[in-house]
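[1] turn this into a structure:
(one chain, ligands or ions: 1)
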Amino acid sequence: MSRMPGAVWRPVVNFHPSGVREHRGAVLHVQDGNNSPYGWFNNHASQSSSDFWVSKTGVIEQYVNTGVDYAWAQAAGNPYYASIETEGHPDEPLTAAQIEGVAKIYSWGHTEFSWPLIVVDSTTKHGLTYHGVGGSAWGGHPGCPGDLRKPQRAAIIARATELATPASNRHVSVAHLVAAMKADSAGAQGHVTYKTEGLILEDALYREDLLTRYWVDGSLGSKARDAYKAWQRSKAGGAYTGDDADGYPGIKSLTRLAARHNFIAIP
Ligand SMILES: [Zn+2]
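    Got it, this is the predicted structure:
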């Protein structure tokens, strides 16, 4: 029995007992409707169900024993991926509370089934994928969950990563960052010195809208330094000017960033 703590357990009649073959990850769906689909999923005539549903306010309902029995959400994909329905329509983005709810589910799956904390656009790779990518073999729903919700999987995975990795395990050292910025900018494109800390820093700068996703690679070259410079100059970063905003992290500006992005700044 794999029931997620924090989810409302509402078992339904539509499921395939012991049908799960692999724990590859989860598939994001859009309900294209509002209110709990429980009644529909608990009706034999509908021939449909999902593992989870997340309301716009962040309520999580679970309908089948995830990881053991499979729900009827994505045809040929059912034995390999769990399914997450999200309230609303394809022309509405996920709410912040929905992103949080889906992230909680995914983080739980990461711990329970080793779902990797990555976005994939695939019917075979392990990670967080989406319904439409499966084409007719997955029931032919190309517009699920739609162009607004599909890219929100990046935010879901970023948050699931935070949930799976407490701040107390994420230490980022000023000395390491400064050394890495110097070594990586002097080295070849993509040179990496302190990858884990570099990724935490770049991910935070990305979420502050100061760095494009393309440059979140653990290599602290000139793009990362420019982004950090922008952080130092910003009000949230301390509104530093001149030499105090040279792009090399100091403990004060890094502590401000850490407080907003779930890591701990150390000298
Ligand atoms: Zn779907």
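
[2] residue 265: neighbouring residues, count only.
    By other C-beta atoms under 10 Å, 21 other residues sit near residue 265. Just so you know, the C-beta spots here come from the backbone N, C-alpha and C atoms, and that holds for glycine as well.

[3] likewise for residue 45?
    Residues lying near residue 45 (other C-beta under 10 Å) number 7.

[4] please apply the same query to residue 128.
    Using other C-beta under 10 Å, residue 128 has 27 other residues around it.

[5] what of the one 10 residues further on?
    By the other C-beta under 10 Å criterion, the neighbourhood of residue 138 contains 23 residues.

[6] quick check: it vs residue 238, distance?
    Counting by C-beta to C-beta, to the nearest Å, the gap from residue 138 to residue 238 is 49 Å.

[7] now residue 130
    From residue 130 to residue 238 the distance is 39 Å (C-beta to C-beta).

[8] so the two - more neighbours on which side?
    Shown here are residue 130 and residue 238; by other C-beta under 10 Å, residue 130 has more neighbours (26 against 18).

[9] mind listing the residues bridging to the more buried one?
    Here residue 130 sits in beta bridges with residue 28, going by DSSP bridges.

[10] residues contacting residue 34?
    56, 87-88 (C-beta atoms under 8 Å, 6 or more residues apart in numbering).

[11] wait, residue 14
    41-44, 46-49, 71-72.

[12] give the helix, strand or coil label for it.
    Look at residue 14: counting by DSSP: H, G, I helix; E, B strand; the rest coil, its state is coil.

[13] quick check on it: phi, psi?
    Here is the backbone geometry of residue 14 (degrees, to the nearest 10): phi -90, psi 100.

[14] any idea how far the ion is from it?
    Remark: distance between residue 14 and the ion (C-beta to the ion, to the nearest Å) = 15 Å.

[15] what distance do you get for the residue nearest to that residue when sequence neighbours are not counted to the ion?
    Counting by C-beta to C-beta, 6 or more residues apart in numbering, residue 49 is the residue found nearest to residue 14 once chain neighbours are left out, at 4.0 Å. As for residue 49, its distance to the ion is 12 Å (criterion: C-beta to the ion).

[16] from residue 26, how far out is residue 49?
    15 Å.

[17] and the helices in the stretch 1-150 of the chain?
    38-41, 96-113 (DSSP state H, counting those that start in this stretch).
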